[in-house]
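Student: return a 3D structure for these sequence lines:
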Amino acid sequence: AELGLGDREQPGDSGSSNTSGSNTSGSVTSLDDARRRRRPALGWLAAAAVVGLVAGSVLTGVVVNSGETSPSVIASASLEPVDASAYQGSATIEQVGEDAVLRVSVPELPAVDDGYYEVWMATSDAATMVAIGTLNPGRDGEFVLPAGMSVADFPLVDVSVEHFDGDAGHSAESVVRGLLPA
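Tutor: Numbering: from 1, shown residues only. Here you go, the predicted model:
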């Protein structure tokens, strides 16, 4: 059948009873011939694997080198405790493509029972503040800054405790604060 061997007689089949163990009705194919017939399939399989590896490498190179440059740091500052706070952190603004991205890390912040942490950018005297986003305890925050927001105009980074009270303004409960160099 597949290997060029004849059909085998099953025990109990009618037909000749060959007790000598030789089968004169089937054809014999050498193992070398059978191996040669399988080798082209192995060659095609190896060639397909090589093509797959090359294609994967090329696609990886295209994705990695798609024109995006690595972020460049615009400014960074340490975030120091405010009032009775014992927490510290860091703030960095990076240029990522077209966007200025603020990265804030305050690793030891505990959960807030009746509220959350808000990240703000403010003028150096904190007279004008812009809410940037919420910061979850135990996680770093990453915020795309509004287009046109200048570090020179808003160099102060502030993290405050905000309560679920419906007031969108700053609570005056700052936890950490830092001044970015202009």
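
Student: CA atoms for contacts and neighbours, from now on please.
Tutor: Will do.

Student: walk me through the domains of the protein.
Tutor: The chain breaks down by automatic domain parsing into domains covering 1-67, 72-179.

Student: may I have the strands that pair with the lengthiest strand in the chain, each with its orientation?
Tutor: As assigned by DSSP state E, the longest strand anywhere in the chain is strand 72-81. Strand 72-81 sits in its sheet next to strand 89-96 (antiparallel), strand 174-179 (antiparallel), going by DSSP bridges.

Student: Pro155 contacts Trp120, doesn't it?
Tutor: No. With contact defined as Cα atoms under 8 Å, Pro155 does not count as touching Trp120 (10.3 Å).

Student: and the strands in this structure, which stretches?
Tutor: 72-81, 89-96, 99-105, 115-122, 129-135, 141-144, 156-163, 174-179.

Student: can you put those in JSON lines and add mean neighbour count and distance to Val28?
Tutor: Formatted as JSON lines, the strands of the chain follow (neighbours: other Cα atoms under 10 Å; distance: least, Cα to Cα, whole Å):
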{"stretch": "strand 72-81", "mean neighbour count": "18", "distance to Val28": "73"}
{"stretch": "strand 89-96", "mean neighbour count": "20", "distance to Val28": "71"}
{"stretch": "strand 99-105", "mean neighbour count": "21", "distance to Val28": "74"}
{"stretch": "strand 115-122", "mean neighbour count": "21", "distance to Val28": "82"}
{"stretch": "strand 129-135", "mean neighbour count": "18", "distance to Val28": "78"}
{"stretch": "strand 141-144", "mean neighbour count": "17", "distance to Val28": "73"}
{"stretch": "strand 156-163", "mean neighbour count": "24", "distance to Val28": "85"}
{"stretch": "strand 174-179", "mean neighbour count": "23", "distance to Val28": "87"}
